[in-house]
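J.: Turn this into a structure:
(one chain, ligands or ions: 1)
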Amino acid sequence: MNRRNFLGSSASAVAGMHALSILDAVPAYADAMDQLQSTDVLMQRYPFALPALGYALDAVEPAVDSRTMSVHHAGHHATYVANLNRAIESDTALHQLTLRELLTRLPTIPESVRTSVRNDGGGHANHGQFWPLLAPNRAAQPSGALGQAITRDFGSLAGCVTALKQAGTGQFGSGWVWLVSDNGKLRVHTTSNQDTPISERLVPIMGVDVWEHAYYLKYQNKRADYLDAVLARLNWSAADTRYQV
Ligand SMILES: [Fe+2]
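T.: Residues are numbered from 1 along each chain as shown. Take a look at the predicted model:
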């Protein structure tokens with residue numbers, strides 16, 4: 001092993017130890033994430049599976065057109081799932097880990113598959129939390145603890161939505177805009193590509209896809225119009241269940 005490889009290996013090992021120590025030191029994060037329902041895609045293990053949309057392709061019209069919904073769910077999301085399964089197929093040790101564990105332990109994942117776990121695993125996790133947010137027969141407002149926390153941290157739901165739109169519009173390139181819980185305090189957050197807040201020890205309450213594939217067929221370059229439409233028809237009851245005081 002030459003010096004460069006040695007230093008790289010050492011850095012990876014230290015990074016892994018550091019990440020685990022952070023996870024151990026944040027019980028509030030662990031507690032919140034332990035509330036995940038068994039049906040959450042974050043609780044899946046290999047072989048990972050595309051969750052059903054749970055509603056018709058045209059159920060979110062006109063905010064999201066049925067062609068975009070079809071390509072997005074059966075095309076993009078399904079590809080992330082297939083690529084993740086292919087990447088870790090031969091590494092049976094990784095089959096023991098849930099998607100949540102894979103994404104919160106990225107620095108310890110073998111380097112040969114780490115990029116796929118980050119991108120394809122992140123894509124599976126991010127889209128898995130997105131579809132329920134668009135479900136029809138929605139709750140137009142958050143309730144209970146989440147509703148109170150939004151008022152506390154943003155002044156109002158409108159203030160929260162405005163902050164989400166501003167951050168989502170400003171996200172450069174592909175990514176996601178999130179409402180996250182940072183030890184109980186809510187804040188808006190963005191991630192690039194398919195990076196996910198759980199890899200940063202943040203609890204995702206809701207995240208909206210701002211990749212072009214989420215809106216380009218209907219909105220072309222008008223991401224702000226897409227965000228207006230989607231943020232106005234969120235199913236807040238899906239987010240309510242993810243916020244634990
Ligand atoms: Fe997407």
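
J.: going forward, measure contacts between C-alpha atoms and count neighbours the same way
T.: Will do.

J.: element containing Asn137, please.
T.: Here Asn137 sits in a region with no helix or strand, counting by DSSP states H and E.

J.: show me the contacts for it.
T.: Asn235 (C-alpha atoms under 8 Å, 6 or more residues apart in numbering).

J.: Ok, the one 5 residues further on next?
T.: Pro142 is in contact with 236-237, 239-240, counting by C-alpha under 8 Å, 6+ apart.

J.: So it: helix, strand or coil?
T.: The three-state label given to Pro142 by DSSP: H, G, I helix; E, B strand; the rest coil is coil.

J.: Can you give me the separation between it and Leu134?
T.: 14 Å (C-alpha to C-alpha, to the nearest Å).

J.: just to revisit the earlier point, list only buried entries from the contacts of Pro142.
T.: Taking 16 or more other C-alpha atoms under 10 Å as the criterion, what is buried in the contacts of Pro142 is 236-237, 239-240.

J.: could you redo those residues as JSON lines and give each row distance to Gln148, pLDDT and secondary structure?
T.: Below are the buried ones among the contacts of Pro142 laid out as JSON lines (distance: C-alpha to C-alpha, whole Å; pLDDT from 0 to 100; DSSP: H, G, I helix; E, B strand; the rest coil):
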{"residue": "Trp236", "distance to Gln148": "13", "pLDDT": "96", "secondary structure": "helix"}
{"residue": "Ser237", "distance to Gln148": "14", "pLDDT": "93", "secondary structure": "helix"}
{"residue": "Ala239", "distance to Gln148": "13", "pLDDT": "94", "secondary structure": "helix"}
{"residue": "Asp240", "distance to Gln148": "11", "pLDDT": "92", "secondary structure": "helix"}
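
J.: closest to Gly54 among those?
T.: Nearest to Gly54 out of the buried ones among the contacts of Pro142 is Ser237 (C-alpha to C-alpha; 14.9 Å).

J.: Could you pull up the contacting residues of the residue nearest to that closest one when sequence neighbours are not counted?
T.: Excluding the flanking residues, the one nearest Ser237 by C-alpha to C-alpha, 6 or more residues apart in numbering is Ala139, at 5.5 Å. Going by C-alpha under 8 Å, 6+ apart, Ala139 touches 234-237.

J.: Of the contacts of Pro142, which is the nearest to Val177?
T.: Nearest to Val177 out of the contacts of Pro142 is Ala239 (C-alpha to C-alpha; 14.1 Å).

J.: so the closest one sits right up against Ala135, yeah?
T.: No. Taking contacts as C-alpha atoms under 8 Å, Ala239 lies outside contact range of Ala135: 11.5 Å.

J.: about what we covered before: out of the contacts of Ala139, which is nearest to Asn221?
T.: Among the contacts of Ala139, Leu234 lies closest to Asn221 (C-alpha to C-alpha), at 21.5 Å.
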